[in-house]
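Engineer: Test case, fold it:
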Amino acid sequence: MKKVIMGLSTVLLCGAILIGCSNSSDNGKDKLVIDIFNIKVETKDQLEAIIEKYESENENVDINLTTVGGGQDASSALQAKFSANEEPAIFLLGGLSDVEKYQDYLLDVSEMESAKAAIEGTLQGATIDGIPYGVPLNIEGFSWMINKAVFHSAGVDPLSIKSYQDFVKAVETIDSKKEELGLEAVFGFSGKEDWVVGQFSNHFTAPEFDNDVTAAYETDELTFQYGERMKEYTDLLNEYNVQPILSLDYSTSVEELFTNDKVAIIHQGNWIVPTLDSLDPEFSQEKLGILPLFVDQDDQGYISAGPSWFWGVNKEKDDEVVEASKDFIDWMYTSDYGKEQIVEEFKYIPSQEGYEAESIQDPVSKEVYEMLLDGKSRVWAHNQYPNGYNQTAFFPEYQKYLNGDITWEQLEKVASEKFKEMR
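Structural biologist: Here you go, the predicted structure:
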């Protein structure tokens, strides 16, 4: 009996060893884990889908996606990751201030294929001392987004607007017919959103900084050289806006008012296209248009366009993770599958060469892309303001002006002083 028991024990022990060896062999080496920190809420689903595809082709890689945005403080959430020693392998940078903040962690991306393919000038927003630390996410353009159907119903041809005075006349004409058009107001400007106000300010500060990202980042002063024109636009939109303007958020402006033909003009960018398509697939194709702002030249209008965000790679991760992170980003922007997804599913304006303009899905995004290439756009200078300046300094003063609590002169004085202090 002892021999039988010992024999059975030996068989069971060997079986256990064999099973253990079999699992180890099946699993192979541990997977490489790549943590990605994303703030683009509107394309979260698309990013998850492209990650799933990459994982299916690279079975040794496991990508974890964290998305923070849509009203949440993404900047603080990213900082919290680093403070908790949970640094992501890939994360989005919002401009040179972010690059400087995380520079010790960031990889020089100059040898990455996605960086080599970047459209000339698009790496500037993530470059310090000649070294690029980020791959541009995409090209995004913002300005007045208009409902062309409403304009035409009011008898206004958007193509006829060639100056600030033409724009004022168009606004007044639409307002005079708002009841028959079923409008609540001409504008649906989101006065509650600090990022909308920051982007609006860009049209007037970019020319002061010679339309140069680096100059905007390095300057010590904001003098409001074109403040008078900014005041004129502000007074116009406030007079003909849905009220109370300080309570109007993004969702109400875009998803309720604009999409349902209740306002004719909002200040947004081509990033609203996926949202519009989800609500009305025909809107971006047939109704959506874009108008420039006339700032330093009354007969020449500009939109603002360029890379909004940059993918940074954490060089402090294990070498294998760094290489896999680089490979994923390069694959996303340069492989045939990735390029197809970028324009067809993400509905991005590509920041890399090798894409055909005709492949861009909606007319406004195509127009933004062409205006960028034709030199009819301003850079994203507001991303280079001192860290936190728009949220804690300019935005509160701008809201006070909209509410009639301070004069424009007071706004400029306080905003200029705080810019200098925070720089």
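Engineer: Which parts of the protein belong to which domain?
Structural biologist: 32-138+308-354, 140-305+379-422 (automatic domain parsing).
Engineer: For those, please prepare JSON lines with the additional fields distance to residue 368, mean neighbour count and mean pLDDT.
Structural biologist: Heads up, the C-betas are built off the backbone N, CA and C, glycines and all. Compiled in JSON lines, the domains of the chain are given as follows (distance: least, Cβ to Cβ, whole Å; neighbours: other Cβ atoms under 10 Å; pLDDT from 0 to 100):
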{"stretch": "domain 32-138+308-354", "distance to residue 368": "6", "mean neighbour count": "18", "mean pLDDT": "94"}
{"stretch": "domain 140-305+379-422", "distance to residue 368": "3", "mean neighbour count": "19", "mean pLDDT": "96"}
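Engineer: To residue 369, which of these lies closest?
Structural biologist: Put simply, out of the domains of the chain the one that sits nearest residue 369 is domain 32-138+308-354, at 4.8 Å, with distance taken as Cβ to Cβ.
Engineer: and that closest one, how far apart are its ends?
Structural biologist: Distance between the boundary residues of domain 32-138+308-354 (Cα to Cα, to the nearest Å) amounts to 30 Å.
Engineer: and the domains of the chain as CSV, adding distance to residue 367?
Structural biologist: Converted to CSV, these look like this (distance: least, Cβ to Cβ, whole Å):
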stretch, distance to residue 367
domain 32-138+308-354, 10
domain 140-305+379-422, 6
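Engineer: Quick one: closest of those domains to residue 364.
Structural biologist: Proximity to residue 364, assessed across these by Cβ to Cβ, is greatest for domain 140-305+379-422 (5.1 Å).
Engineer: Can you give me the end-to-end span of the closest one?
Structural biologist: With Cα to Cα as the measure, the ends of domain 140-305+379-422 fall 27 Å from one another.
Engineer: and what of stretch 30-42?
Structural biologist: Using Cα to Cα, one end of stretch 30-42 lies 32 Å from the other.
Engineer: Equivalent analysis for stretch 290-302, please.
Structural biologist: Between the opening and closing residues of stretch 290-302 we find a distance of 11 Å, counting by Cα to Cα.
Engineer: ok now that stretch, how far from the chain's centre?
Structural biologist: Shown here is stretch 290-302, whose average C-alpha point lies 22 Å from the average C-alpha point of the whole chain (Cα atoms, centre = their mean, to the nearest Å).
Engineer: ok, now stretch 210-223?
Structural biologist: In terms of Cα atoms, centre = their mean, the centre of stretch 210-223 is set 21 Å apart from its chain centre.
Engineer: next one: stretch 101-119
Structural biologist: The mean C-alpha position of stretch 101-119 is separated from the chain mean by 18 Å, Cα atoms, centre = their mean.
Engineer: who touches that stretch?
Structural biologist: Here stretch 101-119 makes contact (Cβ atoms under 8 Å, 6 or more residues apart in numbering) with 82, 87, 91, 93, 99, 123, 128, 131-136, 139, 312-316, 322, 326, 329-330, 332-334, 351-354, 373, 387.
Engineer: Which ones among these lie within helices?
Structural biologist: The subset of the contacts of stretch 101-119 located in helices under the criterion DSSP state H comprises 82, 99, 322, 326, 329-330, 332-334, 373.
Engineer: can you put those residues in TSV and add distance to residue 166?
Structural biologist: As requested, the ones in helices among the contacts of stretch 101-119 are arranged in TSV below (distance: Cβ to Cβ, whole Å):
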residue	distance to residue 166
82	49
99	40
322	53
326	48
329	43
330	45
332	42
333	39
334	42
373	25
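Engineer: Go through those and say which is closest to residue 294.
Structural biologist: residue 373 (20.9 Å).
Engineer: mind listing what the spatially most central residue of the chain touches?
Structural biologist: Taking Cα atoms, centre = their mean, the centroid of the chain lies closest to residue 308, which sits 4.6 Å from it. Contacts were defined as Cβ under 8 Å, 6+ apart; by that measure residue 308 touches 94, 137-140, 380, 383.
Engineer: do residue 183 as well
Structural biologist: Residues in contact with residue 183, defined by Cβ under 8 Å, 6+ apart, are 150, 174, 261-264.
Engineer: now swap in residue 391 and tell me
Structural biologist: Residues in contact with residue 391, defined by Cβ under 8 Å, 6+ apart, are 194, 198.
Engineer: Over to residue 377?
Structural biologist: Going by Cβ under 8 Å, 6+ apart, residue 377 touches 141, 302-306, 368, 371.
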